[in-house]
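Student: pasted the sequence and its predicted model underneath.
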Amino acid sequence: MNIEYKSIHDFNCTELERLFLSVEWSSGHFPEKLVVAMKNFNTVYSAWDGDKLVGMICAMDDGIMNAYVHYLLVDPEYHGKTIGRTLVDMIKQKYKEYMRIIVIAYDSEQHFYNACGFEKSNQSSPMFITTLWT
């Protein structure tokens, strides 16, 4: 297996739908919205096994101090092959001069992000509002 990493923003609905649903993310049910979202992120790095999208990481930034990692997902068939860590390293490299890189992670993902050098804040908590599209 030879994984190729790309910095692109153009994806088709089928690629995104398959990847997002492979990790059981509800946003995979809205592939047209995901196509637009990928175009709007400041940074999108993707991992490919041939023509199959197997992972991606997306970040927004303010241009100088803060970068926010919004998506990191890897097809479960490819877990354990360092794809996620490589994508995180690409983000860390791009934003190495920034004051902070922020990730909102589920508790079950905290171990992975700790292993990548992130630390859980004791001074803040993630907050969000979720709206279901119809």
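Tutor: Thanks, I have the structure now.

Student: just the strands in the chain please.
Tutor: 3-7, 43-49, 52-61, 66-74, 100-103 (DSSP state E).

Student: and those: which comes nearest His29?
Tutor: With C-beta to C-beta as the measure, strand 66-74 is the member of the strands of the chain nearest His29 (14.6 Å). For the C-beta atoms, the positions are set from N, CA and C on the backbone; glycine is no exception.

Student: hmm, back to that, now the strands of the chain in CSV, with distance to Ser27, mean pLDDT and mean neighbour count?
Tutor: Formatted as CSV, the strands of the chain follow (distance: least, C-beta to C-beta, whole Å; pLDDT from 0 to 100; neighbours: other C-beta atoms under 10 Å):
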stretch, distance to Ser27, mean pLDDT, mean neighbour count
strand 3-7, 21, 98, 13
strand 43-49, 15, 98, 20
strand 52-61, 11, 97, 21
strand 66-74, 9, 94, 20
strand 100-103, 17, 91, 17
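
Student: make JSON lines out of those and add distance to Glu15.
Tutor: Shown next, in JSON lines, are the strands of the chain (distance: least, C-beta to C-beta, whole Å):
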{"stretch": "strand 3-7", "distance to Glu15": "12"}
{"stretch": "strand 43-49", "distance to Glu15": "9"}
{"stretch": "strand 52-61", "distance to Glu15": "4"}
{"stretch": "strand 66-74", "distance to Glu15": "12"}
{"stretch": "strand 100-103", "distance to Glu15": "23"}
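
Student: identify whichever of those strands lies nearest to Leu21.
Tutor: The nearest among the strands of the chain, by C-beta to C-beta, is strand 66-74 at 10.4 Å.

Student: where is the longest helix in this structure?
Tutor: helix 83-94 (DSSP state H).

Student: who does it touch, helix- and strand-wise?
Tutor: Applying 3 or more C-beta pairs under 8 Å, 6 or more residues apart in numbering; DSSP states H and E, one finds that helix 83-94 contacts strand 3-7, strand 43-49, strand 52-61, strand 66-74, helix 110-115.

Student: what's the third one packed up against?
Tutor: Yep, that's strand 52-61 we're talking about. helix 13-22, strand 43-49, strand 66-74, helix 83-94.

Student: what's the average pLDDT for stretch 119-127?
Tutor: For stretch 119-127, mean pLDDT is 78.
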